[in-house]
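[1] I'll drop the sequence and a predicted model, then ask my questions.
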Amino acid sequence: MEANHKKELQVQIQYALIEKLASSQQQQARLLQLLEECIFECDFDFNISFATDAWYTQLGYKPEEIVNQPLHRFLKNPEDLPHYNSELSETPIRLELQIKHQEGLFVWFELRLVNRPKEGFAGILFNINQRKSAELALEQSYLETKKLSLVASYSQGPVIITDANGNTEWVNLSFISTFGYALDQILGKKPGDIMQGPETNPETIQQISIAIKKEDTFHVDILNYTHSGGEIWIHLDGYPVFNDSAQLVNYIGIIQDISVQKQLESLLKEAAINLEITEETKIRLLANVSHEMRTPLNAIIGGLELIPEENMSADSSDTLKMIKEAANSLKSIVSNLFTSSRHGRTSKSLVIRPNNSRRILSSLIQMLEIQNTNPSVEIKLVVAENMPEWILIDTQRLLQILTNLLTNALKFTTAGLVQLTAELNPSQTHLVFIVTDTGIGISDQEIDNIFEPFSQIDSSIARSYAGLGLGLSICKQLIDELEGAIDVKSQLGQGTTFTVRLPYLAHDHKNETTSLTQEKPELDLSGKKILIVDDNLTNQKLMGKILVKLGCETVSASNGLEACEQCANQDFDLILMDLQMPVMDGITAIKTIRASKSKNASTPMIAVTADALMQVKQETLAAGASAVLYKPIESSVMFELIDSALSTHKEKVNTNDTE
């Protein structure tokens with residue numbers, strides 16, 4: 001049989017959409033019951049792990065009689081199944097084979113297999129026994145049209161016979177019942193002239209015409225019309241019949257009504273679209289929740305930084321430290337929540353830069369030691385002698401991975417040790433980071449799910465330890481982006497060890513050696529005038545107080561329109577522009593100021609936002625922003641962006657003056 005490309009594509013789409021739509025076993029079961037075909041899943045050795053109820057209606061086997069059995073067991077010729085290899089797994093498989101019915105008879109099926117990477121195959125069995133019976137009958141009696149008519153008259157499906165010129169000679173009763181045409185209404189006419197209509201695909205019609213001109217077989221799905229004008233989708237198998245002189249004398253058309261399958265395909269496509277919308281809504285919701293939490297959190301963290309600790313009592317100092325720790329913990333949860341939503345679609349590109357491994361690891365451990373409030377837990381860093389001093393890596397991702405693992409270890413360790421070990425593997429191909437703790441450990445039953453989003457090892461843990469269960473999931477996502485690997489070993493009551501392996505990129509960075517000892521001078525904004533644009537008065541005041549300490553003058557505006565008015569009347573050295581504001585948003589304000597004729601048209605503008613989606617950043621930079629500052633604002637990050645923006649602007653001005 002020739003490949004039926006359209007049907008094969010339909011089957012692959014059909015199964016893929018079913019699998020995607022089935023968000024739960026219950027949904028999947030209901031959807032699969034719509035199909036009369038036998039559906040199953042198996043590994044690469046064809047051992048069946050799942051089967052639908054259609055196996056019973058088609059072959060008399062209950063699903064439980066099929067599961068855990070090899071497919072070969074039910075075949076008349078087990079050798080019909082190919083042996084698995086890597087090339088086979090990437091190629092769609094279609095076979096025609098005979099399967100033994102529960103009652104002992106063998107039934108013809110067409111097997112379609114769809115590859116499930118690293119898992120096996122998903123398969124669908126189409127009953128082609130009727131077609132095979134007709135083919136056998138046609139092969140045995142093709143020399144005599146009357147005999148063909150006699151055989152076709154007993155076929156359950158519609159059959160049509162034309163002469164060599166394509167004019168109808170005979171149809172069976174099933175054809176008359178399906179299409180509503182009597183024999184005398186179609187006799188002597190070409191089937192396409194009366195059965196095809198405005199929505200029939202011209203390419204399919206041409207495909208049939210080419211096959212007939214070549215006196216070849218054809219297999220197509222095509223939209224036809226009944227005598228009353230109703231649409232009907234059919235699968236048409238066309239077979240030429242030759243006489244003893246090898247001259248074409250007839251064409252036999254065997255028809256299968258596939259309207260139900262087409263309706264199901266349309267339903268599944270619609271469901272897939274709805275699923276995409278739902279996924280997008282979920283991601284947007286998480287991003288919005290993150291945004292709404294970042295704005296007040298910005299005020300909390302910023303306000304805490306402004307509280308002077310001089311002359312503060314010990315109790316007050318401890319209380320302030322506790323509040324700061326809670327704020328930083330909340331900040332970490334919000335960041336993880338956003339990272340989870342971001343990785344649901346796409347993530348930003350890698351930023352591979354040279355960095356001093358010992359410096360970044362020591363800074364990380366020092367930060368955790370400051371945050372650690374449990375004196376019974378020791379935090380230790382071990383850097384092996386073979387660990388390269390300079391490494392090429394996305395430092396932000398590395399720090400997020402290690403921070404999540406270490407904070408997780410500290411959370412689940414009440415006493416003992418949390419240790420980070422860094423080394424180069426013996427073959428010098430991967431950097432190895434090992435996080436070990438003496439905490440509560442993880443059971444074998446629960447360890448397989450710990451990298452799933454919102455996963456915690458049990459409900460009692462969720463009550464006893466804070467967190468959303470996103471940290472390890474995010475670690476896995478980030479490590480995958482870096483083309484690395486992570487594994488875990490654990491024993492209940494004794495502790496857990498996470499091992500991260502990341503590709504090692506050798507780097508000789510001698511020039512950086514001296515830079516470690518050079519401290520960057522504190523930012524001086526004396527004589528500068530900065531416009532702060534934010535609809536939140538608390539954020540206005542906080543940023544103003546932080547910046548005034550650096551010697552600058554600040555002016556405030558509550559929306560984009562006020563900012564444009566201020567820029568028309570005053571000259572500024574820098575503008576901090578919030579994006580989400582009433583009256584006029586930040587992006588519109590940036591575009592308006594850039595398009596104006598005032599001196600502020602070239603003034604550096606830093607966008608301030610709690611929306612960290614990459615799309616928002618790209619849109620903001622395209623509008624004319626010099627940089628993007630994310631809430632909750634860290635003073636050190638804000639100072640670096642301001643310093644960079646002012647320096648870049650100064651260089652441009654000097655270059656223009658020189659020219």
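    Cool, the structure landed. None of the values given here were measured: they were computed from a predicted structure.

[2] what about Gly439, neighbour count?
    Other residues lying near Gly439 total 23 when counted by other C-beta atoms under 10 Å. Where C-beta positions appear, they are placed from N, C-alpha and C, glycine not excepted.

[3] that one - that's part of a helix, no?
    No - counting by DSSP: H, G, I helix; E, B strand; the rest coil, one finds Gly439 to be coil, located in no helix.

[4] thought Cys567 was touching Ile593?
    Yes - counting by C-beta atoms under 8 Å, Cys567 touches Ile593, with 5.2 Å between them.

[5] mutual contacts of those two, please.
    Counting by C-beta atoms under 8 Å, 6 or more residues apart in numbering, the shared contacts of Cys567 and Ile593 are Ile575, Asn600, Thr603.

[6] list only buried entries from those residues.
    With burial judged by 16 or more other C-beta atoms under 10 Å, the buried subset of the shared contacts of Cys567 and Ile593 is Ile575, Asn600, Thr603.

[7] ok, now which ones touch Asp524?
    Residues in contact with Asp524 (C-beta under 8 Å, 6+ apart) are Leu550, Gly551.

[8] just checking, it is part of a helix?
    No - Asp524: not assigned to a helix; according to three-state DSSP it is coil.

[9] where's it relative to Leu629, distance?
    Counting by C-beta to C-beta, to the nearest Å, the gap from Asp524 to Leu629 is 19 Å.

[10] then Gly303?
    Taken as C-beta to C-beta, the span from Gly303 to Leu629 is 17 Å.

[11] again, but for Asn600
    Look at Asn600 and Leu629: by C-beta to C-beta, they are 19 Å apart.

[12] wait, is Ile532 part of a helix?
    No - secondary structure of Ile532 (three-state DSSP): strand, not part of a helix.

[13] name the element Gln185 belongs to?
    helix 183-186 (DSSP states H and E).

[14] let's see that helix as CSV, backbone CA atoms only.
    Presented in CSV, the C-alpha positions along helix 183-186 are these (Å, rounded to 0.1, in the frame of the first residue of the first chain):
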residue,chain,number,x,y,z
LEU,A,183,-27.5,4.1,-9.8
ASP,A,184,-29.4,5.7,-12.7
GLN,A,185,-28.6,9.2,-11.3
ILE,A,186,-24.9,8.6,-11.5
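
[15] now do that helix: distance to the chain's middle.
    Chain-centre distance of helix 183-186: 55 Å, with C-alpha atoms, centre = their mean, to the nearest Å.

[16] contact partners of it?
    Residues from elsewhere that reach helix 183-186 (C-beta under 8 Å, 6+ apart): Thr168, Trp170, Val171, Ile176, Ile194, His227.

[17] let's see 10 Å
    By C-beta atoms under 10 Å, 6 or more residues apart in numbering, the surrounding residues in contact with helix 183-186 are 160, 167-173, 175-176, 179, 193-195, 227.

[18] if I pick the nearest residue to Thr620 once chain neighbours are set aside, what's in contact with it?
    When the adjacent residues along the chain are set aside, Thr620 lies closest to Ala607, with 4.6 Å between them (C-beta to C-beta, 6 or more residues apart in numbering). By C-beta under 10 Å, 6+ apart, the contact set of Ala607 is 533, 575-579, 586-587, 589-590, 616-617, 619-621, 623-630, 641.

[19] just the buried ones from those?
    533, 575-579, 586-587, 589-590, 616-617, 620, 623-630, 641.

[20] returning to what we had before: what about the contacts of Ala607, which are in strands?
    The strands, defined by DSSP state E, take in Val533, Ile575, Leu576, Met577, Asp578, Ala627, Val628, Leu629, Tyr630 from the contacts of Ala607.

[21] would you turn these into CSV with pLDDT and distance to Ala134?
    Compiled in CSV, the ones in strands among the contacts of Ala607 are given as follows (pLDDT from 0 to 100; distance: C-beta to C-beta, whole Å):
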residue, pLDDT, distance to Ala134
Val533, 96, 77
Ile575, 97, 79
Leu576, 96, 78
Met577, 96, 74
Asp578, 93, 73
Ala627, 92, 72
Val628, 91, 68
Leu629, 89, 73
Tyr630, 82, 68
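
[22] picking that back up, before we move on, what SS does the residue nearest to Thr620 have?
    Here Ala607 is strand, with the state taken from three-state DSSP.

[23] still on that earlier bit, what's the closest of the contacts of helix 183-186 to Ser259?
    Nearest to Ser259 among the contacts of helix 183-186 is Phe179, at 12.3 Å by C-beta to C-beta.

[24] residues contacting the closest residue to the closest one other than its chain neighbours?
    Counting by C-beta to C-beta, 6+ apart, Phe179 lies nearest to Thr226, which is 5.1 Å off, once chain neighbours are set aside. Under the criterion of C-beta under 10 Å, 6+ apart, the contact list for Thr226 reads Thr178, Phe179, Gly180, Tyr181, Met195, Ile232.

[25] for His430, same thing?
    Glu423, Leu424, Gly484, Ala485, Val500, Arg501, Leu502, Pro503, Tyr504.

[26] over to Gly495?
    So Gly495 contacts 409, 412-413, 416-418, 436-442, 489 (C-beta under 10 Å, 6+ apart).

[27] check the gap between it and Phe433 for me.
    From Gly495 across to Phe433, the span is 17 Å (C-beta to C-beta).

[28] and for Met605, the neighbour number?
    27.

[29] then the one 10 residues further on?
    Residues near Gln615, counting by other C-beta under 10 Å, number 11.

[30] and Glu103, by the same measure?
    Neighbourhood size, Glu103 [other C-beta under 10 Å]: 7.

[31] and for Ser317?
    11.

[32] in which helix or strand does it reside?
    Residue-wise, Ser317 maps onto helix 314-343 under DSSP H and E.

[33] for the record, mean pLDDT for that helix?
    With pLDDT averaged residue by residue, helix 314-343 scores 62.

[34] quick check: what element follows that helix along the chain?
    For helix 314-343, the succeeding helix or strand toward the C-terminus, using DSSP H and E, is strand 353-356.

[35] low pLDDT regions in the stretch 351-500 of the chain?
    Along the stretch 351-500 of the chain, the model assigns pLDDT under 70 to residues 351, 452-471.

[36] hey, where'd the helices end up in it?
    Assigned by DSSP state H, counting those that start in this stretch, the stretch 351-500 of the chain shows helices spanning 357-371, 395-411, 459-464, 471-481.

[37] what would these look like in TSV with mean neighbour count?
    Below are the helices of the stretch 351-500 of the chain laid out as TSV (neighbours: other C-beta atoms under 10 Å):
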stretch	mean neighbour count
helix 357-371	15
helix 395-411	21
helix 459-464	12
helix 471-481	20
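
[38] any idea which of the ones you listed gets closest to Glu651?
    Minimum separation from Glu651 across the helices of the stretch 351-500 of the chain (C-beta to C-beta) falls at helix 395-411, 25.5 Å.

[39] now the closest one, how far from the centre of its chain.
    Distance, stretch centre to chain centre, for helix 395-411: 23 Å (C-alpha atoms, centre = their mean).

[40] check stretch 223-241 too.
    Distance of stretch 223-241 from its chain centroid, counting by C-alpha atoms, centre = their mean, is 40 Å.

[41] do stretch 66-80 as well
    When distances are taken as C-alpha atoms, centre = their mean, stretch 66-80 is centred 35 Å away from the chain's centroid.

[42] list the contacts of it.
    Residues external to stretch 66-80 that are found in contact with it (C-beta under 10 Å, 6+ apart): 38, 40-43, 45-52, 55-56, 59, 61, 65, 81, 95-102, 106-109, 111, 121, 123, 125.
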